[in-house]
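*Asks:* Predicted model, plus sequence, below.
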Amino acid sequence: MILIDGKKVSEELLAEMKAETGRVRASGGKVPHLAAILVGNDGGSETYVNGKVKACEKAGFDSTLIRLAATVSEQELLQKIKALNEDDAVDGFIVQLPLPKHFSESKIIQAIDPRKDVDGFHPSNIGRMVMGLATYLPATPFGILQLLERYKIETSGKHCVVLGRSHIVGLPVSILLARNAYPGNCTVTMAHSKTEHLKSLTQSADILVVALGKAGFVTGDMIKQGAVVIDVGITRLPSALTKTGFQILGDVRFDEAASKCSFITPVPGGVGPMTIVSLMRNTLKASKKEVYSV
Ligand code: NAP
């Protein structure tokens, strides 16, 4: 079994971006600038946003964190988005999800200028992804593709089962792994909560991508011998045993899976760090105006 070390790959990619940004800075070019809007003070969101700011530092990017109270109105948030859309100094920005209940996430995402939508959630960017046009790929699926590529994992002709059909992970990863490219050319089965005979499906998967948000859902007997297992799940549980006061669990029972699979991503340290790095790569693309020129 080979452990897919997302932390290591992400550090390598951040270092590559830092070298590139250093050259841009030295030549007086546009240094990539990522902004993030954080509404409220949800612990998980706070951790994710801080991780993104830290990654900007590591990649040599400029960053701006805009904090808004949980009580802010939708109108005020939309105004902030408009200001960022019009700010030439900012190449790309994100609104950290989930938002408090009184917001329509769909309305907020659609208010972001697609040219600055480095999360890749805007319908224009999803449409461009489906059409195979230059786009900002959603960060988590993009991170998964980069891991498959870095570990030279064969995907062509393989049966890939994706557990989960969310707009940010399951659905886009299914589309990307089915496309006519590398990584891709898989025969993809996308499963969800209404899927019948789930176990027999996962047992036939050469590549199993799990994005459910259910800690330890996938047991060893659900995995085919020699399969590649990509665990996207992140469940934060309170724990008296860690410094942070919580522990992070994946959707796959790692110990049971590790003895059967050929490759596996750990949680934490697998897909998570790659999601942040993919956001950085999209921001770099945005600063170079690479996407909407094509
Ligand atoms: P989500 O929007 O809640 O979607 C979960 C999906 O799982 C849904 O499609 C749901 O089916 C399906 N599902 C639930 N129970 C199931 C069951 N028993 N059998 C089969 N399918 C089932 O979640 P998400 O946003 O995709 O996130 C999934 C997990 O990934 C979460 O733990 C999240 O924290 C994590 N995540 C990690 C990263 C990272 O960087 N590593 C990034 C994003 C998300 P229905 O559609 O039928 O309800």
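*Replies:* That came through fine. Numbering: from 1, shown residues only.

*Asks:* does the residue nearest to residue 95 when sequence neighbours are not counted count as helix, strand or coil?
*Replies:* Once flanking residues are discounted, residue 95 sits nearest to residue 37: 4.7 Å by CB to CB, 6 or more residues apart in numbering. The way it works is simple: take the backbone N, C-alpha and C, and place the C-beta from them, glycine included. Using DSSP: H, G, I helix; E, B strand; the rest coil, the structure places residue 37 in strand.

*Asks:* Tell me which residues touch residue 37, please.
*Replies:* Contacts here follow CB atoms under 8 Å, 6 or more residues apart in numbering; on that basis residue 37 touches 66, 68, 77, 80-81, 84, 93-96.

*Asks:* With adjacent residues omitted, what lies nearest to residue 62?
*Replies:* Excluding the flanking residues, the one nearest residue 62 by CB to CB, 6+ apart is residue 33, at 4.1 Å.

*Asks:* From the contacts of residue 37, which land in strands?
*Replies:* Judged by DSSP state E, these include 66, 68, 93-95 as members of strands.

*Asks:* Let me know the closest of those to residue 218.
*Replies:* Among the ones in strands among the contacts of residue 37, residue 94 lies closest to residue 218 (CB to CB), at 29.2 Å.

*Asks:* I'd guessed that closest one sits against residue 36; true?
*Replies:* Yes. Taking contacts as CB atoms under 8 Å, residue 94 lies within contact range of residue 36: 5.2 Å.

*Asks:* so what's residue 250 closest to, chain neighbours aside?
*Replies:* Closest to residue 250 by CB to CB, 6+ apart is residue 267, at 3.0 Å.

*Asks:* my guess is the one you found meets residue 231, correct?
*Replies:* Yes. Using CB under 8 Å, residue 267 is in contact with residue 231, at 5.3 Å.

*Asks:* And those two? Which one has more around it.
*Replies:* Neighbour count, other CB atoms under 10 Å: between residue 267 and residue 231, residue 231 has more, with 27 against 22.

*Asks:* what sits against the more buried one?
*Replies:* By CB under 8 Å, 6+ apart, the neighbours of residue 231 are 210, 218, 250-252, 254, 264-267, 270-271.

*Asks:* residues contacting residue 147?
*Replies:* Contacts for residue 147 (CB under 8 Å, 6+ apart) come out as 4, 6, 9, 230, 265, 270-271, 274.

*Asks:* re earlier: ok, now how distant is the residue nearest to residue 250 from the ligand?
*Replies:* Using CB to the nearest ligand atom, to the nearest Å, one obtains 8 Å as the distance from residue 267 to the ligand.

*Asks:* what is in contact with residue 267 and residue 231 at once?
*Replies:* The contact sets of residue 267 and residue 231 overlap at 250-252, 254 (CB under 8 Å, 6+ apart).

*Asks:* follow-up on the earlier one: what does the pLDDT read for the residue nearest to residue 250?
*Replies:* On pLDDT, residue 267 comes in at 97.

*Asks:* In contact with it, which residues are there?
*Replies:* 231, 233-234, 248-252, 254.

*Asks:* helices or strands up against the biggest helix by length in the chain?
*Replies:* For the chain, the helix with the greatest residue count under DSSP state H is helix 6-26. Here helix 6-26 touches helix 43-59, helix 139-150, helix 271-287, going by 3 or more CB pairs under 8 Å, 6 or more residues apart in numbering; DSSP states H and E.

*Asks:* buried sites along stretch 41-55?
*Replies:* Residues of stretch 41-55 classed as buried by neighbour count (16 or more other CB atoms under 10 Å): 42, 45, 48-49, 52, 55.
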